[in-house]
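Participant: pasting the structure only:
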Ligand SMILES: *Cc1c(COP(=O)(O)O)cnc(C)c1O
């Protein structure tokens, strides 16, 4: 992260964080746009060095906004959506529907109709039921992939592991469901079978599951004489939240994965498919920090210290949800004469589980009015934000080489009640 102290004040990509927090208010999510562009370019570079046909599709659930869509357009990205809302955002952002991919284990009839009407380019069918449903709703042929579960083990949290047989997502290649989907699609009038998709899990740091999935999937394709044009390997490339995390090694990892792809294709005498990948977290997570203002500092003598901030699980749910760890740093540099004290950094919402970080070293002198920055909050933060306790969703700003721009305004109090209907007697 391009986060460093200058004259004792934290700077992010050359911008003074205190000034930004003063100007835009807190909680404030600050993105380094250059970092996101660099990540998109790295994925393009590594795939184009090994393949002729590929695409990089951003999983917009990680973070989406009209300006984010704009950035994706400028960087030749494609987009994954999983709901009418994500699709609407992409289309309102001027994204070509033909480059949008519609995922999800329970796309509703309304969502499928909306996507068909808009001309979405690719549907990723998740179940046998969806084969029938989409075929009935489509009036002319649409391109489809099926989401399969290759049955490979991944080393990540249960809540973000998705490629196993017992999953709410996709169809197993082991139990015959995926094969039945291919056969069923072949009999339909409106579905063009283009290939397969899998998404093994999230926050993966090792290429091994991707390599193993290729072996499993190509053996299966060969056993059943299934031909594909598109192979979508999903996303899940790991990032570094704290120094205990290992980033997915993009260049070396794809070298390994794509070497295996070439091997299995040669083994079965097949041409290389069009390869799709779907990074979300790896593009957005490390690009952002969230800045909060400290309020109450409570010491329980001999037990612990609680540092409360003016946000919490309404804009930071990953720690309460799965114990995710983050680095939290003071915005005013800790000077050498000040000792560090271990503190629980907690939110202001009415749940004991509203914890942003346990046992985080912070300056002993930290007090009301100081700012703290939580690192690596670019993915699954704003997009998972809620209005619990009628908290307003935070503002989001982008730092670009041309300066700072606000891309999402802070929610207003009026917006919190705009859909309420008061029944007058
Ligand atoms: C969530 C998801 C992704 C992106 O995962 P990241 O961990 O953010 O890279 C990609 N594809 C599918 C189908 C997903 O559900």
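Facilitator: Happy to help now that I have it. Just so it is clear, the structure is predicted and the values come from calculations on it, not from any experiment.
Participant: domain parsing for this structure?
Facilitator: Following the assignment in automatic domain parsing, the chain carries domains at 3-31+286-416, 33-280.
Participant: a markdown table please, covering those domains and showing distance to the ligand, mean pLDDT and mean neighbour count.
Facilitator: (Glycine included, C-beta is placed from N, CA and C.) Output for the domains of the chain, formatted as a markdown table (distance: least, CB to the nearest ligand atom, whole Å; pLDDT from 0 to 100; neighbours: other CB atoms under 10 Å):
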| stretch | distance to the ligand | mean pLDDT | mean neighbour count |
| --- | --- | --- | --- |
| domain 3-31+286-416 | 6 | 97 | 18 |
| domain 33-280 | 3 | 95 | 19 |
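Participant: Out of these, which is closest to residue 425?
Facilitator: Of all these, it is domain 3-31+286-416 that lies closest to residue 425, at 23.9 Å by CB to CB.
Participant: what's the first-to-last distance across the closest one?
Facilitator: For domain 3-31+286-416, the first and last residues are 33 Å from each other (CA to CA, to the nearest Å).
Participant: Let the chain start at 26 from now.
Facilitator: With 26 as the first residue, the last one maps to domain 28-56+311-441.
Participant: that older thread, please convert the domains of the chain to a markdown table, extending it with distance to residue 448.
Facilitator: Output for those, formatted as a markdown table (distance: least, CB to CB, whole Å):
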| stretch | distance to residue 448 |
| --- | --- |
| domain 28-56+311-441 | 19 |
| domain 58-305 | 27 |
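Participant: For residue 113, see how far away the nearest residue to residue 144 once chain neighbours are set aside is.
Facilitator: In space, residue 144 comes closest to residue 122 once its chain neighbours are excluded; the distance is 4.3 Å by CB to CB, 6 or more residues apart in numbering. Shown here: residue 122 relative to residue 113, a distance of 11 Å by CB to CB, to the nearest Å.
Participant: Then residue 378?
Facilitator: If you measure residue 378 against residue 113 using CB to CB, the figure is 32 Å.
Participant: Kindly report the same for residue 87.
Facilitator: 17 Å.
Participant: Can you give the contact residues for stretch 354-371?
Facilitator: Contacts made with stretch 354-371 from outside it, assessed by CB atoms under 8 Å, 6 or more residues apart in numbering, are listed as 28, 30, 33-35, 42-43, 46, 316, 329-334, 337, 353, 379-391, 395-400.
Participant: Which parts of the stretch 226-375 of the chain are helices?
Facilitator: For the stretch 226-375 of the chain, the helices defined by DSSP state H, counting those that start in this stretch occupy 233-248, 275-292, 306-309, 343-347.
Participant: With the stretch 26-175 of the chain instead?
Facilitator: Counting by DSSP H, counting those that start in this stretch, the segments of the stretch 26-175 of the chain that form helices are 42-49, 58-75, 91-99, 109-117, 134-143, 153-162.
Participant: Summarise which helices and strands the fifth one is packed against.
Facilitator: The criterion is 3 or more CB pairs under 8 Å, 6 or more residues apart in numbering; DSSP states H and E, and the helices and strands that helix 134-143 contacts are helix 109-117, strand 125-127, helix 153-162.
Participant: give the contact list for residue 440.
Facilitator: Residue 440 makes contact with residue 417, according to CB under 8 Å, 6+ apart.
Participant: which stretch of helix or strand covers it?
Facilitator: Element membership of residue 440, judged by DSSP states H and E, is helix 438-441.
Participant: Would you list the phi and psi of the nearest residue to residue 339 once chain neighbours are set aside?
Facilitator: Nearest-residue entry for residue 339: residue 416, 3.8 Å, with adjacent residues in sequence omitted and distances by CB to CB, 6+ apart. Reported as degrees, to the nearest 10, the phi and psi values for residue 416 are phi -80, psi 140.
Participant: can you pull the contacts of residue 72?
Facilitator: With CB under 8 Å, 6+ apart as the criterion, the residues that contact residue 72 are 79, 81, 279, 283, 300, 302.
Participant: now stretch 93-113, how far from the centre of its chain.
Facilitator: 12 Å (CA atoms, centre = their mean, to the nearest Å).
Participant: Now do the contacts for residue 198.
Facilitator: Contacts here follow CB under 8 Å, 6+ apart; on that basis residue 198 touches 173-176, 204, 241-242, 245.
Participant: Then residue 129?
Facilitator: Taking CB under 8 Å, 6+ apart as the test, what residue 129 contacts is 107-108, 136, 149, 151.
Participant: For residue 75, state which of these is nearest.
Facilitator: Set against residue 75, the nearest of the contacts of residue 129 by CB to CB is residue 149 (23.4 Å).
Participant: didn't the closest one look like it was pressed against residue 173?
Facilitator: No: under the criterion of CB atoms under 8 Å, residue 149 makes no contact with residue 173, lying 10.3 Å away.
Participant: what sits in contact with each of the two?
Facilitator: When CB under 8 Å, 6+ apart defines a contact, the residues bordering residue 149 and residue 173 alike are residue 222.
Participant: Excluding chain neighbours, what is closest to residue 272?
Facilitator: Closest residue to residue 272 apart from its sequence neighbours, by CB to CB, 6+ apart: residue 265 at 5.0 Å.
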